[in-house]
Structures are given as C-alpha cells and as structure tokens.
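Enquirer: Okay, here's the prediction I keep looking at, along with the sequence it came from:
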2 protein chains.
Amino acid sequence: MTRLGSLLWRNLRVYQIYGANTDVGKTVITTALCKAARRLYRDELTGYLKPVSTGPGHEADEQCGCPSNHITKYARGVSCATLHQYDLAISPHAAAVGKKTPKDADLLSSIYSHLIKAAGSGSNSPDGWFFIETAGGVHSPGPSGTSQAELYRPLRCPVILVGDAKLGGISTTISAFEALTLRGYDVEAVLLFEDDQYGNADYLRTYFSDRHHGVSVVSVPAPPPKNESHGSEVEDAENMRRYYDEASRSDAVRDLLSYLEGRHSARVTRLESLASQGHQRIWWPFTQQKLLTPNKITAIDSAHGDFFQTLRLPAQQEKDDYPAKREEPSLSQKQEPLLQASFDGSASWWTQGLGHANSSLTLAAAYASGRYGHVMFAEAIHEPALALAETLLQGMHGRDDNNKSRLSRVFYSDDGSTGVESALKMALRAARTRYGWAVDAKLGVVGLEGAYHGDTIGAMDCADPSAYNEKVEWYEGKGVWFRPPQVICRGGKWRVDVPAEFGGEGETSYGAESLTDVFDFRVREGRGEHLLYEAHVERVLRHHLDKGRRFGALMMEPVVLGAGGMVLVDPLFQRALINVVRRSQHLFSPESTSRHDTEPDDWTGLPVIFDEVFTGLYRLGRFTASSFLGLGADVSVHAKLLTGGLVPLCATLASESVFRTFASDDKTDALLHGHSYTAHPVGCQVALESLRQMQDMESSGRWAPFQSGWANGTGASDDGVKQNAAAPATDSERGCWSIWSPQTVDWLSRHPSVDGVWALGSVLAIHLASPGGAGYTSTAAVALRDALRATNRGPAQNPWNVHSRVLGNVLYLMGSQTTGPEVVGEMEELLRRHLS
Amino acid sequence: MTRLGSLLWRNLRVYQIYGANTDVGKTVITTALCKAARRLYRDELTGYLKPVSTGPGHEADEQCGCPSNHITKYARGVSCATLHQYDLAISPHAAAVGKKTPKDADLLSSIYSHLIKAAGSGSNSPDGWFFIETAGGVHSPGPSGTSQAELYRPLRCPVILVGDAKLGGISTTISAFEALTLRGYDVEAVLLFEDDQYGNADYLRTYFSDRHHGVSVVSVPAPPPKNESHGSEVEDAENMRRYYDEASRSDAVRDLLSYLEGRHSARVTRLESLASQGHQRIWWPFTQQKLLTPNKITAIDSAHGDFFQTLRLPAQQEKDDYPAKREEPSLSQKQEPLLQASFDGSASWWTQGLGHANSSLTLAAAYASGRYGHVMFAEAIHEPALALAETLLQGMHGRDDNNKSRLSRVFYSDDGSTGVESALKMALRAARTRYGWAVDAKLGVVGLEGAYHGDTIGAMDCADPSAYNEKVEWYEGKGVWFRPPQVICRGGKWRVDVPAEFGGEGETSYGAESLTDVFDFRVREGRGEHLLYEAHVERVLRHHLDKGRRFGALMMEPVVLGAGGMVLVDPLFQRALINVVRRSQHLFSPESTSRHDTEPDDWTGLPVIFDEVFTGLYRLGRFTASSFLGLGADVSVHAKLLTGGLVPLCATLASESVFRTFASDDKTDALLHGHSYTAHPVGCQVALESLRQMQDMESSGRWAPFQSGWANGTGASDDGVKQNAAAPATDSERGCWSIWSPQTVDWLSRHPSVDGVWALGSVLAIHLASPGGAGYTSTAAVALRDALRATNRGPAQNPWNVHSRVLGNVLYLMGSQTTGPEVVGEMEELLRRHLS
C-alpha cells in the first residue's frame, strides 16, 4: 500500500534520473549536474540518492556511506547516499536473488524519509537540488522485479531522461520517453552525450521541439576515454576531473539548471493557484458555488491506486477564506511537503474499479487510439465493440433463477444518463407497440421512491420529485414510485423496515440473522413475506389504472438506490414488484385482451429496465446486481465501472423481444438515437480490459479474504487462507460480502451518532442520526466528512487524509475493486477513531 | 497521402520484424525464421524484404539483387529483396543525407507493390510467409527522418519484435513493445537470444504472460561468436550454417510458426465474421436493422489519417445477401488483398480533426491516464480541466463585433446532447429567475426549423417535429421555430432564398458575388436586407406572446444546421434574430417593466445559446462559428472536434451573468447536473492537444493554400505560395474558405442532378435534386453514396473507396482539419467522374 505523498517541496527541487538504456552515461551526467548545482547554487543543498545500486565498481565512501564514487570523488560537497547495494553488475531483480529484498512499498518509504530529512536539513536556507538516480533503463526491474517506471510512480518526481548517444539511441530514447509519459511522469529534459557520428542529439532536439514543447534537449560532451594501458588510473582521474570541471561550467548545463529552477517554481505557483483560478473559470457539477471558497476545492496533482495526490493547505488556511494574502512562505512552510495522499473515498464518483493510473488500462486505451482513433459506428463494426458486446452478454448469462439471461443486444452510448434515455425509448416503444397506444399517449414509468437515473431530462423524468429535480424547469416526473422497504443494520441487528402504507399491522419490520439471510428468498418466500408486498403493488397499480394512467416500463436500480441516498432496498420487494408487473398485463392494458403469444425471452406485463450503472459490474461483488434478485431484466444499463475509471462509456443491453419492436420497412421506425462517439474504440478497449481484470479477480479468488470474513462473520482477512482454495464457485454460494468488515459494520451500527449502516461489495453506507431530517439537504454527515478530510493526518512527516462524499445524512466510503485489506483496515480504524 | 490497404492477404502471412534496439540480432533471427519457414512449409513461398538497408556488410547477391547475405547464404530458396541500400552503417535518415531519398508515401507504395506481387506469385499455391525487416530500433528514423514505427504504420503488419538479451534489454524490449502498442500495432511475438547471465527471456516471458496474453515470448540460442583471428571466414561460415540449421529445426521456432499460422487464420476468420456477428449482437444507432444485411455493414480493421482500413467484400457479395455460403476461396480470391483504404467521408460522424490514430493525441491520452486515470471533479480541480477551460475561453475571446466574448465559465459534460441539456438548464433558470416566472411555467425555446441538438429528451424537445423525433414517446417540441433563409450555390451563382412567409414581395431571394459577400453585413445591412428579417421575427414573437406563450432561451446552431440536412443558414438572418431577441424584453416578459440594470456582459431579452457542437472549433474554418455572425452567445456548447476524434467530451461555456443566477445560500439552487466522468482528465488532455494543434495550423498558415484559392476564386492550391506569408491575421480577413475548391462547387452547382451546393471549412454539402421531396426520408443521395462506396475503385491492385453518409437528399463529404489538398483533389475528381 502506498499512501505516501509525491515528492514535491517548495524549497527542494527533486528530479529522478532515468536512462534510455543502461550504459548511456547516467552516472556521469548526474555527477556533472550535481557538480554544477553545487557550484552555481553554493548556499543551497545538493543531494544525490541512489536507491538501488548494483555492481562492484562503486566502493563505499567512508565519509558518507555513499558508494557512488564519481560523486564523492568529483563533486565534493554533495550530500549522497545509497539505500541498497548489490555487488553483481546485473539488473537489481537478478542481483537481489537470494539477498534480503526490500518490498516496493518499503523502498518508497525509505526514499520518502530520506527526502523529508533533506528538505529539512540546513538551517539557514533549506533550498536545494536533489537527484535520484535509477538503475539501468526505465523498465529495468527493481529489487522486487517491478519495473522501475512502475515502482517509483507513486513518488512521481519530474524526470531527467539520460538519452542514448550511440547507434540506435534515437529509438531507445524516444521509446523510454514514451514509457515514462504513459505512466504520467513529466519528463522535463533529455540529456545525452554529443556524438558527431550519429548526431542523435540534433535529431532529438528537433523531434522534441516539434512534438513536446517543454522537454528541453541538452547535449554535453562525452567523457574522455579511459586509457587502455595499466597503471594510468591517476591520469584517468585527472582527465575526468577536468572533464567534470568543464561540463559543470558549460552554458548548456547552467541554462538547464536555470530552466529547471523556473519550471519547478512555475509548477508550484500553478499548483497553488489551481483552486483560485478554477474558482474563477469552472462551473462545477452539483455544487453551490456561492458556498464554495477556494480553500474547499481539492487541487489534485495526480493519482495512483487508491489515492489522489492533493495539495496540502497550510493549517490556518483550512478554515480561513482563500486566497489568503500571499506572503513569503516561512522557513518551516518551505520545508513541508506540498502534496499528500488522499484516499479516494468516493471511488471518484463511483467510477474506479482498478485503481487510478492503472497502466494496463492506459495501454489498452493507447492501443485502441493508435489502431483506430475513433471510427464512426452507424452500420459499421470494429473488434473492440463486438468483443465488448460479447463479453457483456456472456457475463450477464446464467445469473437469474433460470440460469440464463434475456439480453441479446448491445446499444452503446456515452454515459449512464444517455444509456437510460435509450433504454427508456426502447421500453416505451415496445409497450406502446404491443398495446396499440397512440404516439402521444401519456406513458409513465413504474419505479421506486428515491430513484436516480441521471440528469438529462428524460432520465430525470423517471425519478420522483426531490431536491435533485424539483427546481429544474423542464422536469416533469412521469410515473408512479413505490416507497421501498429498506434493509439496514441497527444496534448490531439486520432488519427490513416496511413503510406503513404497505398495510402491515402497525409498523412492520423483518429481522434477519445476517445480510445473506435477507437475500434467502427460498426461506423468506416460504414464510410468505412477499405476499404483503405483492398485494400492495397490485393495489397501487390498480388504483392508477382506475384513474386512467398508462405505464410503459418498470425501471429501477436493483438492490441499492445510489444517488437517492445509498438505500439498500429489500430485494424481496423488488422481486415481488417485478413478478407482479410481469404477470399483470391486465393492470397495464386491460383493453388488449389477446394474450401475447410469448416466446421464452419475451417481456410480459411491462418491459423491465434495470439501471445497473451504479450497482452493476462487481460494485456489489457480482458481475450483475440482478443476480441478487434472481431475476433478469429486459433492458439493462451499464456504465461507471464498465471502463474501470478512465473514460465515459455506456452499454444498454436489450432482449431480442424488445429489439424486434423496432424492425420495420420504414427507417424512421428505427431507434433514432446516437452520439458521435458511440462505441468509441478507446472506451470499448478499456472496458474489455477492465472486465477481463475484474473477471480474473473473481475467478482467481482475489476477494476470498473478504468473502471468508463475511461467511464466518469474523470479517478479518485471514492471511493464512489460500485465496484460490477459498473461492466459491457461484454468486449464491458466495452470499453477500463486502470489502468492509462485518465487525466495523456491527460497531458502527451500535454507535449513538449512527442511525444505521450497511455494507455490500465495495460500498459502506453510514446513515447518520439527523435530528433535522434526513435527505439530500441534511448536513448531518458533513462534520464527519470534514474530519476525515482534515490535513495532517498520519505522522507529521507523512500527512494523508480521506476524500469522501456525503449524500445528505449519509456518509459513504467506497473502494475500488482492487482496494486491499490493508487500506480498508486503515480506513476502518480512522472511522472508529473519529466517531469515538 | 496514404490510401494503401494494410498488408493482409488470406494466403500470405506477412510480418514486420522490429528490433528493441539496433544490434539485437534482428537479421540472425529473421534468417532463422526464414530458414525454418522454408523447411517446414516447403510448398509455400517464403519471402523476405528489407525496405531500407544500411551498412557495407551486405554485398549484393548477384542472383536476386538482395544484399542480405545471411538470407542468401544460409536460407536458400527464400525470395528476398532490398528496396533502398545505403553504404554507411548509420541510421537511414543520416545515411540518406545527400542521397536520393524516397518519400514516405513512395516507400510504402513500393513495399505494397512488392507484396502484391508476392501474394500473386507461384501458380500452384500462393500461400506463404513474408518477413519485412526494419532497420535499427522501433523509433529509428527512416530515410525521410520519420520514425519507422510511424512511417510503416499505415501498412499495420502484425509485428515480431526482436528483444534485447543484453544488460538493460528488459527495459528496451518492454519500451519498444509499448511504443508499437500505442501506435496500434499487434505485437504477436517477442523473440530474443538466450542468455544465462541476464535471464532477460525468463523475465519477459513472465512479464508478457501476466500482462499481455497473446504475445508469445520465444528465446533462441545466441549465434556462435566470430573467431578473432584472421582467415577464419570459412570456419565462421560453417559455424553459422550449423547454428541456423539447429535454430531452424528447434521446437521453439517450429511452435512459433505454428502459433503465428493459427493467429493469422484466426484473424482473417474473425475479421470476416465481424459483420455477421455484429449483426446478431449489436443494436446500431440511427439504423433500421431490418433493412441492414451484413454485407452492408462496414467492417473496420483499423484507421489512419483520412482513411479507414475496411474489409473488402468479393464483388458478388456486394449485392447478394450475406453471409453467402462459405466456400473455400478460389485461388484468385486468396491472392486478393483483404483490406482496402476507405476515405472517411463523414469525418467519423463529424468528430475527426486531426486524422485517425494521431500519435500525439494517443500520447496525450496516455499521459493523462498515467497521471490521473479519472479523478472526481465536484469541488475539485486538476490541471487539464483548468488549462482546457482557459484555452476555450481565450479562444472565444475577440471573435464578435465588439472584439470580446461574454463567456467566462466552463461546465463539462460527456457529449453534445448532455452539453445542450446543461445549457438549456442554465438559460431557462436565468430567464425564469429574472422574469419571476413560477417553476412550473411552461417555457419554450426560440429556434430554427430543422434544428438538431441531440437525442436525449431535453435536447430533442428543443427541435421542431421531424422524422428524427416524431415517433419518440416522450418527445414534445417546446418552442417556436423560424424557417430560415438558406444560402446555396445554384447554376454557378450564390444566392439566399427567403421563405415566402417572411412577407417579401413574391419569392424573395438575394444574389451574391461570392460566399464571402453573403457574410458582408456592413454592405448588406447598408442595403437594409436585415429589415425584412427583423420585422418577421418581431411579428412572429408578438403573435406567440399574444397567445400567452413564454420563452426562456434562443437556441441555435450558428451558420449551419447539421443533422437537420446540412443547411447553410443566411447569417444575416441569425444576426437579425439575435438582435431582435436581445432588444425585446417586452416580447418575452411584458409584465416585468423594470428594466434590468445591465452590466456589459449581461444577457438581455433572452439568453442566447449557440450549439456549436457541429459548427465550432474550425469545422467552418474558424475557432468559433459565432465569428461568422459577429455576435457572441451567452451560453455555447462545444464537442466533437473538441477532442480531435478520440473520446467523448463536451464543454458548455456560459457568461458570468448566467452563472450568477445559480448563486444562493441554498445548495439546491445550484446547477444540479453532473456525470460521473465529468471533466475526465483523458478527454481534457486530448482536447488541449487537439486545440493546440488546430490553433498552430491556423497561426502557421497551414490552410493558406485553400484560403488563397477561395480568395482569388481559382480554388487551386498554389504550391508556389509561401504558406506563412499568405496567412491573413484575422477571421474576417480570411473571409469564407473551404478545403473543397470553388471550381468543384461551381461545377457541381451546374450539374443537372444537383439542386444546389455549398462548401465551407471542411464541409461540402451536395443537395441532390429529389423529385420525391427532400428531407431525412428521401433516398436521392443513396445512389451516389453507394457508387462512391463500391469496392475495386482505384487500380486493380490497390483498391480503395469512399465511405460517406447521406442526410435525406444531401450527400456530404467532410475532411478532417488535417486533410491535405492531394486527398481533396482525388475525392473531387471522383465526385465529378461519378456525376458525369
């Protein structure tokens, strides 16, 4: 787990030196830079670190424990160190075989600690330069075997790339640049030796100035060759000394340091002004900007895995208005890290499946971009779109009670809202056509109170009036919405609360031993708990029928109402609702007496739409949330996790029965809906990779530690459990489980500030007690959110915090599908600490 | 210009051999492969091509003119050739200095011709293997200086990457793989020498099997070292002969060839089934699938620049139903190329600005993905989102009559439709708040007949009833729509046709000398031509006011109605409409007598929304289409070209006056609209790169040849004109221009099958004479579209065609902003040929 800040200080200009290949002169060039920095910035610190060093050539220097003899020999006054030294001059991962090998996270921590000390060292002026030299090429493996470009990425230092001046070096230099760029590094400069024969420097200078402004290409003379004869060490050393002296005094190197100094200072200035500049230019979604001061805006410098890198605000600015008068930062402020890791507690608005900056997703996106860019999709087909359609349809298969799925068609759009609109058009047309209604018949949807389906007008009209929509001019709720029974854990007990209007005796609630028991329909239907639900549904639908109302679809989010307040709906109620709708043509079109001659996958009653945008694709632990209901949809909508947290894409799946409705000899009977970037290859390819990775995680038992915790109620991940062995085969065998432990759920459910809590899949929803009323306008959860977000969490030198979102009185925390037990454990501990 | 097909034959398995670096054993490994192929596939062709060879080591072989002595010496029976030979053993671009250098396109053509011959060679069995060896590493420059990975990309051969077994070779191999992958190559195998000391092969085998299934990693023994002593050439040659003999007989190489054979055949099978599989699984946008047979579906294998690579259908299948009974292909079918270049004549539904598979866009996308993935945007800020907002606002500045812009805020969404919905919410709220209307007041929009704003319900409701929407259940046109005067070229004359309802005397039409004259408002307003328009607008609005109707916004596509039928609207009319709306508060809210105390950027009358999704960002030759009207919007919507043809993203820009409407102490007064991937960094970064490139093209005079053609009426691009010198400084100085020549417009306008024609920016719209009536349901343009799309265009051995789209009786052709004069010329010639 890496929740270290990236390496950025106001005073310390830190660079990582990567090489286009091994043996391109990294050490020589770094030594020259160090020497020049030491000479030109005499009052400042010049630091050098080699995290991992291989090869016997570097005798440890007695004075500083630094084995980089070039630095100690030729660049006096540079503070230098090596963290891990291996004697063999081979790749670190090979040299480390049989040796004590540092874990990636530990290696990063020791680098971080080293830099923290450096930033604080020196009392008069802590300003300075720091160069961290890697080993070999950009993808040369570190001690654990991880490619260095991946290994060091969480620290995201700006990079000086040492290019290759030899034959072939143009290619290795550009490739290394691209490998770094596609991992989100900022390559600030390419340095390489001059070579008249190949002229690589000239080529690269033109190449980068044409394509990548801001990458400075600098050539320095090559070092003098070593004498072949024995006994000439003194002469060699004198030659090198002269070489370094000249190189460090060269205009090119001086200009480079000056350029880097300017870039560093511009980066800090820009980062610190992001919030205030954004405050003047950006219109944020779902944000009352009159109440938003710049100090409340999170400036995100980058992200990796579960964590953002956010700009730390000085403590006094957290509360004050911003921009505070800009003053010269104090000495201690200059020594403080500017960035901190922030746990992305909303999974970036519910999109993250595979962690931020996942390089497999990056490469998938880049491949599709390089192969296609975008290609228009109407009446055309390309591999990623077809393969994704096949994967989605296959993934939905076999998840309902009948071990199959009705879905056979995939329609692409850009986001959940547009996907819902197309689903709606499909379903309404199917119902209208079958029942012979006129095109201007007023058709509504049947849905749930608290529904949320998106912000375009058609999607909005499928939701009941609420704070989200009631002030929107063209909003017109078109439907009937059932208030759903809710599942919640209170005081250590799981229960289902049934609204009074269901007509149970007094206030009805069902208890359950566990969350999995709530989903045990065989037992619950055996007890007849669904009968109350079915009777209520029939009564209400009959009432609307009698008033002459018409409905064209049942639309709902299976299992959980997301934006509507993180409500866990009683799945038995959703099942009952679907069953009644499907058997009740007479409640929707009593005049159409002829029974539709059904094929097995035909819809009956009304087409059923599942909006799985939030709940599907492993959010709740399963490929499709419909698996929890044992019933499949006629149309279902999938987005968010579909692309693993990278780019927008939506897939609306439909049954052949619905699809056939649009078949006609008239082209205007077709589904006349489409977006320019429909089925854009980048999105489809990323989705394929994302689904592949999540399906691999499921089949390889990656989540078994969480599952076993919920199965035996201990909730602790048992490190001793062999993951593969513990992986159950089917959704229902696995029951209900969450990455959040049942112990924490139990503890929270008994806390006096908590009204109730539930966890499922990657979601933990804490309904806080809210004396002033719950709902979107409640502010009960804001205090907890602010406490989690306060800076200076963690040890003073490694600040981190939690970025979470609230929905009225609900604070939720949501991991990605790759979030591991260690991070979850830390977040749970933090929650408990803040609620104690 | 490259309109060659990618290298794919049924019978010939063609691979390109790239190296992770120079001197990694490309030639040795290729020779071993050739020898093995020759031995194992004795009845087939084995071919070898070195397009560019450097170095004196390769004496030309007398027999075949092939300088690759390893092949001729050790792999007898292989058909081999070199196209360009340079003596110096340095990078081709350096070796070619002072020599006759082939242009990239010519080099590709000669490779293509060579392969065409190979596929047809041998009469009994044309099956075979073909290996094309590159020089140096993946990014080593070709003769022209272009990186080989870029240079050869249009041919998109599957790749065998020769990895680097030396120290540092893990890094160079992975980097080279990534450089190829991000250009859309399929790397099928990595081959490298065995080396016990570094063990690169073992590492790479694990690396690729973990991350990239389908990339086979194969190691072969290293060749024997050369003897140091002189006079041992015979022994060296014997050693090599023995080495090649063993290597070509090894299980690893045999298995690899068998693997490659399977992959080739699977690729062809899959490609040929894409259309029929898609036909069963995909629900296409805007497509009547009952009328869509698989043979009408375009299977797109890849794309590059202006061209798709599409699967060629055998001629008889073009008309027949599909899938035809699958028969063993005939000999001649096996020899035919499977892919052809297809000009992307709709710019992929109007998205392409910078050509397909633009590697700068790819790298921009990959960088943002590697730096952020996606990060949630509510109350947060990141660099690409802010920088893009700044670039957009700056780009809009100074384009109206007052040399400024009202726009100061950027709201992000996912596509034009969602961007229009947010624009609508902004404008309606602004009007309703100022005029004190109730939330349930029925507000309409003022717009144009033939408008199209998107397919979500809110966007649909802004358009007048038409074939697009009249069968959609929830569609309810909310507004008043003016039938606009149209600009068209007929019989060689530009004219403006004014509808009769404007009340001019008889049928009104204005003539003009040129298209630029139509936009000369000083002259036309001097003649009073706007007075008729203003009077009509006032009369109609007054009529609706008297009937009690309320309007909340003026919404329109400036200059061109796109999906509504490629109608060029008289800009003077749009100007008049805006001017009347802005001065006529009394026509919208007569009861609100207090005049709004205006600041300079305040909206008056109604907020004006420009939907620039189609027309903006250089589509019509200018950053914003509003520049043509001399009037800026209060809210404007930008998408499509925004991201240069890669991923969906939309930016809605608004004035501070509109923005302020939502400021309140109540958070539910905010604009409660947002999408999960709002301001996704990948999209923002790509948009930044896209705008940067287009702005560079504008400022560097890239379009000067087109502009000068329109300025002097000759239309021919004058190659002698120095581009920079010819670039006028401002929009109005440049006047109206198009990539399509005025000669072709003139020619088309006089053709009997053509009702009228116009061209502006990258758009050429041909309104065909349609006796059965124009509009979306007309089929007048289909015949021309089908003729352009017929295969076997171009020379028999280099088939290519044109993929275009029609809108009713309109066939349009649209280039990207990078389409050059040569491609335009070919397309124009083709048009003329088909209409003759």
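Expert: Nice, I can see it.
Enquirer: going forward, measure contacts between C-alpha atoms and count neighbours the same way
Expert: Will do.
Enquirer: what sits against A:L606?
Expert: Residues near A:L606 by CA atoms under 8 Å, 6 or more residues apart in numbering or on different chains: A:431, A:551-554, A:581-582, A:585, A:588.
Enquirer: Let me fix that, I meant to ask about A:E261.
Expert: Contacts of A:E261 by CA under 8 Å, 6+ apart are A:R13.
Enquirer: give me the element it is part of.
Expert: helix A:251-281 (DSSP states H and E).
Enquirer: After that helix, which helix or strand is next?
Expert: Using DSSP H and E, the next helix or strand after helix A:251-281 towards the C-terminus is strand A:298-304.
Enquirer: Provide the contact partners of that following strand at residue level.
Expert: A:153-154, A:271, A:274-275, A:308-311, A:339, A:355-358, B:371-373, B:375, B:379-383.
Enquirer: go on, stretch A:519-531?
Expert: Contacts of stretch A:519-531 (CA under 8 Å, 6+ apart): A:518, A:571-573, A:576, A:628-629.
Enquirer: buried ones in the helix holding A:E261?
Expert: Of the residues in helix A:251-281, A:253-254, A:256-257, A:260, A:264, A:268, A:271-272, A:274-279, A:281 count as buried by neighbour count, 16 or more other CA atoms under 10 Å in any protein chain shown.
Enquirer: do the same with stretch A:102-121
Expert: Going by neighbour count (16+ other CA under 10 Å), the buried part of stretch A:102-121 is A:104-105, A:107-109, A:111-112, A:115-116, A:118-120.
Enquirer: got it, and stretch A:699-716?
Expert: Applying 16+ other CA under 10 Å to stretch A:699-716 flags A:701-711, A:715-716 as buried.
Enquirer: Tell me the most packed of the contacts of stretch A:519-531, by neighbour count.
Expert: Most neighbours among those, by other CA atoms under 10 Å in any protein chain shown: A:F628, with 26 neighbours.
Enquirer: you'd agree that one is up against A:L568?
Expert: No. Assessed by CA atoms under 8 Å, A:F628 is found out of contact with A:L568, at 11.9 Å.
Enquirer: Quick check: neighbours shared by these two?
Expert: By CA under 8 Å, 6+ apart, the residues touching both A:F628 and A:L568 are A:V559.
Enquirer: For B:F307, see how far away A:W129 is.
Expert: Going from A:W129 to B:F307 by CA to CA, to the nearest Å gives 49 Å.
Enquirer: more crowded one of the two?
Expert: A direct count of neighbours by other CA under 10 Å for A:W129 and B:F307 places B:F307 higher, at 29 against 25.
Enquirer: Now do the contacts for the closest residue to that one other than its chain neighbours.
Expert: Excluding the flanking residues, the one nearest B:F307 by CA to CA, 6 or more residues apart in numbering or on different chains is B:F343, at 4.5 Å. Neighbouring residues of B:F343 by CA under 8 Å, 6+ apart: B:3, B:306-308, B:800-803.
Enquirer: let's go with 6 Å and repeat that
Expert: B:306-307, B:802-803 (CA atoms under 6 Å, 6 or more residues apart in numbering or on different chains).
Enquirer: partners of the nearest residue to A:E513 once chain neighbours are set aside in the sheet?
Expert: The shortest distance from A:E513 to any residue other than its chain neighbours is 6.6 Å, reached at A:W494 (CA to CA, 6+ apart). Note on A:W494: beta-bridge partners A:C489, A:A512, judged by DSSP bridges.
Enquirer: from memory A:W494 sits against A:T516, does it?
Expert: No. Contact criterion CA atoms under 6 Å: A:W494 and A:T516 do not qualify, at 10.0 Å.
Enquirer: Between the two, which is the more surrounded one?
Expert: Higher neighbour count among A:W494 and A:T516: A:W494, with 24 against 17, using other CA under 10 Å.
Enquirer: for the stretch 451-600 of chain A, what are the low-confidence residue spans?
Expert: A:506-507, A:593-597 (pLDDT under 70).
Enquirer: Report the mean confidence score over the helix holding A:E261.
Expert: Averaged across helix A:251-281, pLDDT comes to 97.
Enquirer: quick one, it and strand A:298-304 angle?
Expert: With axes from the mean of the first three to the mean of the last three CA atoms, to 10 degrees applied, the angle from helix A:251-281 to strand A:298-304 works out at 130 degrees.
Enquirer: Tell me the secondary structure at the nearest residue to A:V24 once chain neighbours are set aside.
Expert: Spatially, and ignoring its direct neighbours in sequence, A:V24 is nearest to A:D164 (5.3 Å; CA to CA, 6+ apart). Here A:D164 is coil, with the state taken from DSSP: H, G, I helix; E, B strand; the rest coil.
Enquirer: and A:D164, how many residues sit next to it?
Expert: For A:D164, the count of nearby residues is 28 (other CA under 10 Å).
Enquirer: Flag the shaky bits of the stretch 1-150 of chain A, pLDDT-wise.
Expert: A:1, A:56-68, A:122-125.
Enquirer: How about the residues of it by chain B?
Expert: Within reach of chain B by CA under 6 Å from any CA of the partner chain, the stretch 1-150 of chain A has these residues: A:21-22, A:136-140.
Enquirer: So which of the residues you listed wins on neighbours?
Expert: A:G137 leads the residues of the stretch 1-150 of chain A next to chain B on contacts (other CA under 10 Å) with 31 neighbours.
Enquirer: Do I have it right that it meets B:G169?
Expert: No. A:G137 is beyond contact range of B:G169, at 8.3 Å (criterion: CA under 6 Å).
Enquirer: mind checking pLDDT for the residue nearest the centre of chain A?
Expert: Chain A has A:Q352 as the residue nearest its centroid, 3.2 Å off, counting by CA atoms, centre = their mean. Per-residue pLDDT puts A:Q352 at 97.
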